[in-house]
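Undergrad: Compute the structure for the input listed below.
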Amino acid sequence: MSPDSDPPSDASLNVPKHLTYWKRCLKTFLPHFYTSNDCNRMTLAFFIISALDLLRVLDDFMTPAERAGYINWLYHNQHPEGGFRGSPATDFGSGRNADNECWDPANVPATFFALSALVILGDDLERVKRRQCLEWLPKMQRADGSFGETKGEGGHIEGGQDPRFGYCAAGVRWILRGDAEGAVEGVRDIDVQGLVRCIRQSETYDGGISEAPFHEAHAGFTYCAIGALAFLGHLPTQTLADPDLTVRWLVARQTARVDEDDSFDGEDGPVAPSSVKLQSYPSSKELENLSSHFDLSWAGFNGRCNKIADTCYSWWVGASLAMLDKLHLTSEGAMRRYLLEKTQHLVGGFGKLPGDPPDIYHSYLGLASLALLRDPDVKPINAMACISEDACKFLESLPWRQKITGSKNNPVNIETSCGG
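TA: Purely as a prediction, here's the structure:
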């Protein structure tokens, strides 16, 4: 089986069930399992709003008054000193003082998700404290070029040093100033070269990208690293040490092992299912030998070597390859069948693995993965920004942003051109 000889499939997205699932997420209380994610409500809100946009029902599922309410909720979480909170739970209101300030920080991922959600809802971002946000963002960058998540006690940057936070920071920068580099009317830029250097140091011998130097490559970190480079205007093929090796590592993540009990016996006993990892597309003879053990009609993606397929990695790997213009090197048909026939759930949404109940995270990334494949039931998506192409076009059409991106190295007054 080669990428252009996939057998046909009648599987399709069960749109009515997915609409029911996402409407339930939007309009009702989430199950108690989500209680521990209260501090991440901004992230959940982004997934829900963006999913409805991808399904082309955003206008149908909310009245103008409800849309305004959602926008106001997002702005309610804007931090007075720039950025957004991850949840209204830390908003101390009138009780805010120096003693509890460190417990109510702006959050880098939440800021990216809040701005993205506002764009999807058609807000012009005029109420965003852009200057304060752009002044806050460099303060979240460490000396080694990495970004953290929040500011803690004593101004210490909290959070990991992996590419997730660099991706979100680069995304915030891209939304608020496009590709304009350097200081903008006295507001200094982040250390772009420092972030690029940090990413380069996390490249691994096999072509993937890890959370830190000398760690194991991971598809999620690889996506965040490539996405950050794309946000920064540093074409990955010009910045990565060996782009072809990175593509090879990503393509190798497609696997026919889609369930926990997938295994087969060789001449000397059990053989690890990792032996069928698609390092590159096998020869016809190799495929014939493997087909008796595995049905290659379904081939999802894993995040690391020797792991089974997982719905979310269809996005992390697929979108990485899309940004590198290499998604066609995978078996897109097998990927689509994996999503629609293995992890699409009968109540709507997608589960992590075949048979798993749906959850917001995997349900959104399952939809996003189908959008990469230009599924007719889902809007096209921007692989870099993880939102619809329509939403990106709306952002790029905003007059204040056009003024900034058009100026590039010319001085721009953020307060007058961006609403302050």
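Undergrad: which regions of the protein lie under the pLDDT threshold?
TA: Across the chain, the ranges flagged by pLDDT under 70 are 1-9, 93-99, 236-237, 261-295, 406-420.
Undergrad: Need the contact partners of stretch 384-399.
TA: Here stretch 384-399 makes contact (Cβ atoms under 8 Å, 6 or more residues apart in numbering) with 50, 53-54, 116, 119-120, 122, 124-125, 171, 174-175, 178, 227, 230-231, 315, 319, 323, 368, 371, 379-382, 401-402, 405. Yep, even glycine has a C-beta here, placed from its N, CA and C like the rest.
Undergrad: got the buried residues for it?
TA: The neighbour-count check on stretch 384-399 (16 or more other Cβ atoms under 10 Å) flags 384-388, 390-392, 394-395, 398 as buried.
Undergrad: I'd guessed G348 sits against L19; true?
TA: Yes: counting by Cβ atoms under 8 Å, G348 does reach L19; the two are 7.4 Å apart.
Undergrad: The two: which is more packed in?
TA: G348 (21 against 18; other Cβ atoms under 10 Å).
Undergrad: And for the more buried one, nearest residue in space, chain neighbours not counted?
TA: Y21 (3.0 Å; Cβ to Cβ, 6 or more residues apart in numbering).
Undergrad: what secondary structure does the nearest residue to S146 once chain neighbours are set aside sit in?
TA: Leaving aside its sequence neighbours, S146 sits nearest to Q161 (Cβ to Cβ, 6+ apart; 4.1 Å). Per DSSP: H, G, I helix; E, B strand; the rest coil, the secondary structure class of Q161 is coil.
Undergrad: For Q161, the count of nearby residues, please.
TA: Q161: 18 surrounding residues under other Cβ under 10 Å.
Undergrad: for it, phi and psi?
TA: phi -110, psi 20 (degrees, to the nearest 10).
Undergrad: For the stretch 1-150 of the chain, just list every one of the strands.
TA: In the stretch 1-150 of the chain, the strands defined using DSSP state E, counting those that start in this stretch lie at 150-151.
Undergrad: Give me the contact list for stretch 18-27.
TA: Contacts to stretch 18-27, defined as Cβ under 8 Å, 6+ apart, come from residues 44, 48-49, 51-52, 55, 57, 61-62, 345, 347-349, 358, 360, 363, 367.
Undergrad: Among the residues you listed, which lie within helices?
TA: Cross-referencing the contacts of stretch 18-27 against helices under DSSP state H gives 44, 48-49, 51-52, 360, 363, 367.
Undergrad: Include neighbour count and distance to P88 when you put those into JSON lines, please.
TA: JSON lines is the format used below for these (neighbours: other Cβ atoms under 10 Å; distance: Cβ to Cβ, whole Å):
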{"residue": "L44", "neighbour count": "19", "distance to P88": "13"}
{"residue": "I48", "neighbour count": "23", "distance to P88": "16"}
{"residue": "I49", "neighbour count": "28", "distance to P88": "16"}
{"residue": "A51", "neighbour count": "27", "distance to P88": "22"}
{"residue": "L52", "neighbour count": "23", "distance to P88": "21"}
{"residue": "I360", "neighbour count": "21", "distance to P88": "18"}
{"residue": "S363", "neighbour count": "26", "distance to P88": "24"}
{"residue": "L367", "neighbour count": "28", "distance to P88": "27"}
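Undergrad: then stretch 340-349 to CSV, C-alphas only?
TA: This file holds the C-alpha atoms of stretch 340-349, laid out as CSV (Å, rounded to 0.1, in the frame of the first residue of the first chain):
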residue,chain,number,x,y,z
LEU,A,340,-13.2,7.9,11.4
GLU,A,341,-13.4,4.2,12.0
LYS,A,342,-11.2,3.7,15.1
THR,A,343,-11.4,6.7,17.4
GLN,A,344,-14.6,8.6,16.3
HIS,A,345,-17.1,7.9,19.1
LEU,A,346,-20.7,6.9,18.6
VAL,A,347,-21.9,9.7,20.9
GLY,A,348,-19.8,12.3,19.0
GLY,A,349,-16.2,13.5,19.5
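Undergrad: Quickly list the domain ranges of the chain.
TA: The chain is divided into the following domains under automatic domain parsing: 1-30+241-385, 35-94+102-201+388-420.
Undergrad: Leaving out sequence neighbours, find the closest residue to S314.
TA: Closest to S314 by Cβ to Cβ, 6+ apart is S369, at 3.8 Å.
Undergrad: Quick one: classify the one you found as helix, strand or coil.
TA: Per three-state DSSP, S369 ends up helix.
Undergrad: how close does it sit to R56?
TA: As for S369, its distance to R56 is 17 Å (criterion: Cβ to Cβ, to the nearest Å).
Undergrad: Those two: which has the busier surroundings?
TA: Comparing S369 with R56 by neighbour count (other Cβ under 10 Å), the higher total belongs to S369, at 28 against 15.
Undergrad: ok, that one - contacts?
TA: Counting by Cβ under 8 Å, 6+ apart, the residues that S369 touches are 311, 314-315, 318-319, 335, 339.
Undergrad: and if you look at R304?
TA: 216-219.
Undergrad: All the strands of the stretch 251-400 of the chain, residue numbers only.
TA: Using DSSP E, counting those that start in this stretch, strands in the stretch 251-400 of the chain cover 254-255, 264-266, 269-271, 300-301, 381-382, 387-388.
Undergrad: Now do the first one: which elements does it pack against?
TA: Packed against strand 254-255, as judged by 3 or more Cβ pairs under 8 Å, 6 or more residues apart in numbering; DSSP states H and E, are the following elements: strand 300-301.
Undergrad: Apply 10 Å and report the result again.
TA: Strand 254-255 sits against strand 300-301, helix 311-323, helix 332-337, with contacts defined as 3 or more Cβ pairs under 10 Å, 6 or more residues apart in numbering; DSSP states H and E.
Undergrad: Next, the residue nearest to G178 when sequence neighbours are not counted: secondary structure please.
TA: Of all residues not flanking G178 in the chain, T405 sits nearest, at 3.3 Å (Cβ to Cβ, 6+ apart). For T405, the assignment made with three-state DSSP gives helix.
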